[in-house]
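Visitor: Predicted structure and sequence below. I'll ask about it afterward.
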Amino acid sequence: MPRPILATIHTSSLSHNLLRARQAAPDAKVWAVVKANAYGHGIERAYEGLRGADGFALIDLDEAERVRRLGWRGPVLLLEGVFEPRDLELCSRLGLWHTVHCDEQIDMLATHKTHQPHRVFLKMNSGMNRLGFTPQRYRAAWTRLNALPQVDEISLMTHFSDADGPRGIAQQLAAFQAATQDLPGERTLSNSAATLRHAADPAVRADWVRPGIAVYGSAPDFPEHSAAHWGLQPAMTLASKIIAVQHLLAGTSVGYGSNFTAEAPLRIGTVACGYADGYPRLCPTGTPVLVDGVRTRTVGRVSMDMIAVDLTPVPEAGFGSEVTLWGRAANGTVLPIDEVAATAGTVGYELMCALAPRVPVVVAE
Ligand SMILES: *Cc1c(COP(=O)(O)O)cnc(C)c1O
């Protein structure tokens, strides 16, 4: 029998979350962002749930090929554009739309031989300072692109640094609007946080929104808001089983470093899941976990293949009992991935993306 750990990708939750993004940005088209192998869910596994999107946005050219191989004929956008001239050949061949964020990418386009002019998304650096032309240099880049026979249509794009927090988007939005005022073309500005929090404003939802994390059922602005607050459902469940039961006496410890000591007798379960499965080693004692769908806590240090959980709230549980590390338990109870991530000082994004290759994955309704 295989080790009893399993990740499940929930197709109906992906579709549901995509719909939530649509409702938050009425009339806008929706890119389902599937970079990083659909945030660890697997592009092929997530496809069925996300094929209702208007397009797929991603980074690796290999991922773009995989989306085309799945039969997707609609828009595919490379969020970082091309990395070298021959990438443009793939764009021509597969009909990929690509971001243009620097002069070097315009140089590559200018020497690219193609019969099919490209659709490009010209990126503005409106304050994130990662990719893009500053507002001052944006128009010159647009003019240069517009003069190229290799370029067909130019869309306008920027990315917010603080859509999830109190700084908000006002400054970046104003910079983008001022510099693009009289330029033609479709616009796209909003990631999940901007879509959920700010897209009631038509200028923010614009023509396309680009939700990633929300589609996978994690709240971009946790803990201010939970996934439930936004009506999002977990798209990934990580589950395992109890493979041993121990009885700690008062004053005895569990795990490496003996960093948890029982104050009173304590019944604990050993779970077949550890950091080599993608469960964060930084999760301290007290990290929430479900046993048979009942909320309890981890105790002691996470090891490579195992963690220990307090069985006090589930006296009936024992060898073989269901353990939900995040996602949905068999009884329907949800343990938000964001809560687990927060105890480890990180975000749901990182946990999803770090699901280890050794964990078997199934796709479910
Ligand atoms: C990753 C990414 C997104 C999606 O961000 P989320 O926070 O996951 O919604 C949108 N736009 C760009 C350019 C990205 O790189």
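Guide: It's in.
Visitor: Show me how this protein divides into domains.
Guide: 11-216, 236-335 (automatic domain parsing).
Visitor: Nearest to the ligand, out of these?
Guide: Relative to the ligand, the nearest member of the domains of the chain by CB to the nearest ligand atom is domain 11-216, separated by 2.5 Å. Glycine gets a C-beta too; all of them are placed from N, C-alpha and C.
Visitor: returning to what we had before: so which of the domains of the chain comes closest to residue 361?
Guide: Taking CB to CB as the measure, those were each checked against residue 361, and domain 11-216 came out nearest at 6.3 Å.
Visitor: Average pLDDT for the closest one, rounded please.
Guide: Mean pLDDT, computed over domain 11-216, is 98.
Visitor: Work out the gap between that domain and the centre of the chain.
Guide: Put simply, domain 11-216 sits 15 Å off its chain's centre (CA atoms, centre = their mean, to the nearest Å).
Visitor: I would like the residues contacting stretch 55-75, please.
Guide: Where contact means CB atoms under 8 Å, 6 or more residues apart in numbering, the residues beyond stretch 55-75 that reach it are 29-37, 43-44, 47, 50-51, 54, 76-80, 87, 90, 94, 96-97, 208, 210.
Visitor: Let me have the domains of the chain in CSV, extended by mean neighbour count and distance to residue 355.
Guide: Formatted as CSV, the domains of the chain follow (neighbours: other CB atoms under 10 Å; distance: least, CB to CB, whole Å):
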stretch, mean neighbour count, distance to residue 355
domain 11-216, 19, 5
domain 236-335, 19, 4
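Visitor: Format those as CSV; extra columns: distance to residue 343.
Guide: As requested, the domains of the chain are arranged in CSV below (distance: least, CB to CB, whole Å):
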stretch, distance to residue 343
domain 11-216, 18
domain 236-335, 4
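Visitor: Let's check: the centremost residue of this structure is which one?
Guide: Of all residues in the chain, the one closest to the mean position by CA atoms, centre = their mean is residue 213, 3.6 Å from it.
Visitor: Tell me who's in contact with that residue.
Guide: Residue 213 makes contact with 39, 191, 192, 219, 220, 348, 349 under the criterion CB under 8 Å, 6+ apart.
Visitor: Tell me how many other residues surround the fifth one.
Guide: Here the count is done by other CB atoms under 10 Å, and residue 220 has 27 residues near it.
Visitor: how close does it sit to the ligand?
Guide: As judged by CB to the nearest ligand atom, to the nearest Å, residue 220 and the ligand stand 5 Å apart.
Visitor: give me phi/psi at residue 291?
Guide: Here the main-chain torsion angles of residue 291 (degrees, to the nearest 10) amount to phi -120, psi 120.
Visitor: so what's it scoring on pLDDT?
Guide: pLDDT recorded at residue 291 is 99.
Visitor: For it, list each beta-bridge partner.
Guide: Beta bridges link residue 291 to residue 294, residue 323 when assigned by DSSP bridges.
Visitor: same check, this time on residue 267
Guide: Partner residues in beta bridges with residue 267, using DSSP bridges, are residue 247.
Visitor: correct me, but residue 208 touches residue 194?
Guide: No: counting by CB atoms under 8 Å, residue 208 stays clear of residue 194, with 11.9 Å between them.
Visitor: can you tell which of the domains of the chain is closest to residue 357?
Guide: Between residue 357 and these, the tightest spacing by CB to CB is seen for domain 236-335, at 9.1 Å.
Visitor: residues contacting residue 193?
Guide: Taking CB under 8 Å, 6+ apart as the criterion, residue 193 is in contact with 160, 163, 164, 220, 221.
Visitor: phi, psi of it?
Guide: For residue 193, the backbone dihedrals (degrees, to the nearest 10) come out as phi -60, psi -40.
Visitor: same deal with residue 41?
Guide: phi -80, psi -20.
Visitor: tell me the secondary structure for the closest residue to it other than its chain neighbours?
Guide: Once its chain neighbours are removed from consideration, residue 41 has its nearest residue in residue 9; the separation is 5.2 Å (CB to CB, 6 or more residues apart in numbering). Classification of residue 9 using DSSP: H, G, I helix; E, B strand; the rest coil returns strand.
Visitor: What is the end-to-end distance of stretch 119-129?
Guide: The stretch stretch 119-129 measures 24 Å between its terminal residues, going by CA to CA, to the nearest Å.
Visitor: From here on, call the first residue 127.
Guide: New numbering, starting at 127: the last item is stretch 245-255.
Visitor: contacting residues around the residue nearest to residue 317 when sequence neighbours are not counted?
Guide: Nearest non-adjacent residue to residue 317, counting by CB to CB, 6+ apart: residue 336, 5.6 Å away. Contact analysis of residue 336 by CB under 8 Å, 6+ apart lists 157, 159, 183, 205, 314, 316, 317, 321.
Visitor: Quick check: nearest residue in space to the second one, chain neighbours excluded?
Guide: If I follow you right, that is residue 159. Leaving aside its sequence neighbours, residue 159 sits nearest to residue 338 (CB to CB, 6+ apart; 3.4 Å).
Visitor: now the residue nearest to residue 317: how far from residue 159?
Guide: The span separating residue 336 from residue 159 equals 6 Å under the rule CB to CB, to the nearest Å.
Visitor: Common neighbours of these two, please.
Guide: The overlap between the contact sets of residue 336 and residue 159 (CB under 8 Å, 6+ apart) consists of 183, 205, 317.
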